[in-house]
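1. Sharing a model prediction with you, sequence too.
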Amino acid sequence: MQRLTYNCLSYLAIPYIVGRLLWNGLGDRRYWQRWPERFGWPKASWAEHQAVLWAHTVSVGELHTAAPLLRRLSETFPAYRMLVTTVTPTGAERVPAALGERARHLYLPYDLRPAVRRFLARTQPRLGLVLETELWPELFFSCQRRGIPLCLLNARMSQRSADRYRRVAGLMRRTLSTLQLIAAREAADARRFIAMGADPAIVQVTGNLKYDLEIPASVEPRGRELRARLFGNGPIWIAASTHRGEEEQVLQAHAQVVRDLPRARLVLVPRHPRRAPEVRRLCHRLSKAPMVSRTSGSACPEGGVLLLDTLGELPPFYAAADVAFVGGSLVPHGGHNLLEPAALGRPVLTGPHLWNFQEAAAMLCSAQGAELVPNADALGAAVLGLLYHEDEARARGRRAARVVAKNRGAVARTAELLQPRLQAGLDIAHRARH
């Protein structure tokens, strides 16, 4: 009954889905493109003569998390053709940069039975890898019917999500039964998946893939170059992956900082680049600080705000900064990736809403590489303290980097679990051709 209700609601949601695409397209015209893919009609059936490894990464964050693993799998099994699906255009745009010529991109279709059946019939994957908590019942059931092994990687299940899924416990139990592997980030995640009905025999704790992030050697030199060209002398802090309701608090904190350090600059990075015009208007309305956009190419004046409205430049701007605040955490969004600035040796600040990164935040804070700040006043005070005390800021950054280095290894552990499944897919493809 829950599955029937789910399917009925999915079809009833189609007008809303189309409306959201149209609405999002007002801010980002890419949402108005490639609609057939979202309903299971790729341009062509392109998987006829090669085994396909399919990975679903909902957006940019999941794509960057999965990229080191996908590169390793591609190198180990070059016979596979790699297909990467995302939901967002920003994720789609980053696939070539993250994986080069190794991968093709399609949008994942909406979870409607005809759409997912068309998608699977045209792409014919031998193995499906789904990142984190993307649990789509019809997609999973369709993979099971077609004999496509499906693995949930870097799997996370916060208590908040578990409580929500418990309302449809029967549907979730059946959905999880379609999986061959759940590679959980942490022991707590594994326990919650098992409590939801996953077979304990398929659940493994492999660690968090985010710790295995690869920082190119060019990032630090690029950060120094940006600092010299766009900021000159004076301290810099960055507020990254911010959401609506959070920029106001960041701007309030920056006003507190520049009262004591008038040469300090802020780099403000909205989580969704399409919100840049909205954030620009907010800066002009709420802040006395001068503001420039990254796309303008202008240097940021003393006391000012640089709005990062481009894609793919966050790591070098982390490297350019003295202190990093990671957003989605002063408002209830569950937080974002604390490990990227930590890996670059920057002291990390974050808000209290961290259910997506609880263990990483706990380890960083325990090692005194990160600090939780509950509100704008505390954020401003923490930034000031670190900018004033440069030795302490550098020491915190080193401790944060050590936490990341100590917890690497999830890519190797996950790849080892996937190798027999990948080899089995090649064997099946070989028999089908002969």
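-> Yep, it's here. Model, not experiment: these values are computed from the prediction.
2. For the closest residue in space to Met196 that isn't next to it in sequence, list the residues it contacts.
-> Nearest non-adjacent residue to Met196, counting by CB to CB, 6 or more residues apart in numbering: Met172, 5.3 Å away. All C-beta spots, glycine's among them, are computed from the backbone N, C-alpha and C. Met172 sits next to Leu135, Tyr165, Met196, Gly197 when contact means CB atoms under 8 Å, 6 or more residues apart in numbering.
3. Report the secondary structure element holding Met172.
-> Assigned by DSSP states H and E, Met172 belongs to helix 169-176.
4. following that helix, which helix or strand shows up next?
-> strand 181-184.
5. Report all helices and strands that that next one contacts.
-> If contacts are counted by 3 or more CB pairs under 8 Å, 6 or more residues apart in numbering; DSSP states H and E, strand 181-184 sits against strand 150-155, helix 187-195, strand 203-205, helix 410-433.
6. could I get the ones you listed as CSV with mean pLDDT and distance to Leu384?
-> Shown next, in CSV, are the helices and strands packed on strand 181-184 (pLDDT from 0 to 100; distance: least, CB to CB, whole Å):
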stretch, mean pLDDT, distance to Leu384
strand 150-155, 97, 36
helix 187-195, 94, 35
strand 203-205, 97, 40
helix 410-433, 86, 36
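7. Throw the ones you listed into TSV and include mean neighbour count, thanks.
-> Listed next are these as TSV, based on neighbours: other CB atoms under 10 Å:
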stretch	mean neighbour count
strand 150-155	25
helix 187-195	18
strand 203-205	17
helix 410-433	15
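8. neighbouring contacts of stretch 251-260?
-> 237, 264, 266, 268, 282-283, 286-289, 303, 305, 376-377, 379-381, 383-384, 387-388.
9. Which members of those occur in helices, if any?
-> If you go by DSSP state H, those have Leu282, Cys283, Leu286, Ala376, Asp377, Leu379, Gly380, Ala381, Val383, Leu384, Leu387, Tyr388 in helices.
10. quick one: which of those residues has the most company?
-> Ranked by neighbour count (other CB atoms under 10 Å), the ones in helices among the contacts of stretch 251-260 have Val383 at the top, with 29 neighbours.
11. pLDDT value on that one, please?
-> Val383 is assigned 98 on the pLDDT scale.
12. what separates Pro221 from Ala319, distance-wise?
-> For Pro221, the distance to Ala319 (CB to CB, to the nearest Å) stands at 8 Å.
13. Which one's more surrounded, these two?
-> Ala319 (24 against 12).
14. one step back: list the buried residues in the helix holding Met172.
-> Leu171, Met172, Arg174, Thr175, Leu176 (16 or more other CB atoms under 10 Å).
15. residues contacting the most centrally placed residue in the chain?
-> Central residue of the chain (CA atoms, centre = their mean): Gly61, 1.8 Å from the mean position. The contact partners of Gly61, taken as CB under 8 Å, 6+ apart, are His336, Asn337.
16. and it, helix, strand or coil?
-> Following DSSP: H, G, I helix; E, B strand; the rest coil, the label given to Gly61 is helix.
17. could you check the distance from the closest residue to Gly128 other than its chain neighbours over to Ile215?
-> What sits nearest to Gly128 in space, not counting adjacent residues and going by CB to CB, 6+ apart, is Leu150, at 4.4 Å. According to CB to CB, Leu150 stands 31 Å off from Ile215.
18. Okay, now the unreliable bits of the stretch 101-250 of the chain?
-> The model of the stretch 101-250 of the chain has no residue with pLDDT under 70.
19. Return the angle between stretch directions for the helix holding Met172 and strand 150-155.
-> Between helix 169-176 and strand 150-155, the angle formed by their directions is 110 degrees, by axes from the mean of the first three to the mean of the last three CA atoms, to 10 degrees.
20. Using CSV, write down the CA coordinates of helix 169-176.
-> The C-alpha coordinates for helix 169-176 follow below in CSV (Å, rounded to 0.1, in the frame of the first residue of the first chain):
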residue,chain,number,x,y,z
ALA,A,169,9.1,2.0,7.3
GLY,A,170,7.6,-0.7,5.0
LEU,A,171,8.6,1.1,1.8
MET,A,172,12.1,1.8,3.1
ARG,A,173,12.6,-1.7,4.2
ARG,A,174,11.7,-3.0,0.7
THR,A,175,13.8,-0.3,-0.9
LEU,A,176,16.9,-1.2,1.1
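21. Span of stretch 366-384 from start to end?
-> 21 Å (CA to CA, to the nearest Å).
22. Name the residues that touch stretch 378-397?
-> With contact meaning CB under 8 Å, 6+ apart, stretch 378-397 is reached by 235, 237, 249-250, 252-257, 260-261, 264, 322-323, 325, 330, 342, 344-349, 351, 368-371, 373.
23. Weed out the non-buried ones from these.
-> When the contacts of stretch 378-397 are checked for burial by 16+ other CB under 10 Å, the buried set is 235, 237, 249-250, 252-257, 261, 264, 322-323, 325, 330, 342, 344-349, 351, 369-371, 373.
24. Among these, name the ones in strands.
-> Among those, DSSP state E puts Trp237, Val323, Phe325, Val348, Leu349, Ala370, Glu371 in strands.
25. Check the spacing between the residue lying closest to the first one once chain neighbours are set aside and Arg263 real quick.
-> With sequence-adjacent residues excluded and distances taken as CB to CB, 6+ apart, Trp237 is closest to Val323, at 4.2 Å. With distances taken as CB to CB, Val323 is found 15 Å from Arg263.
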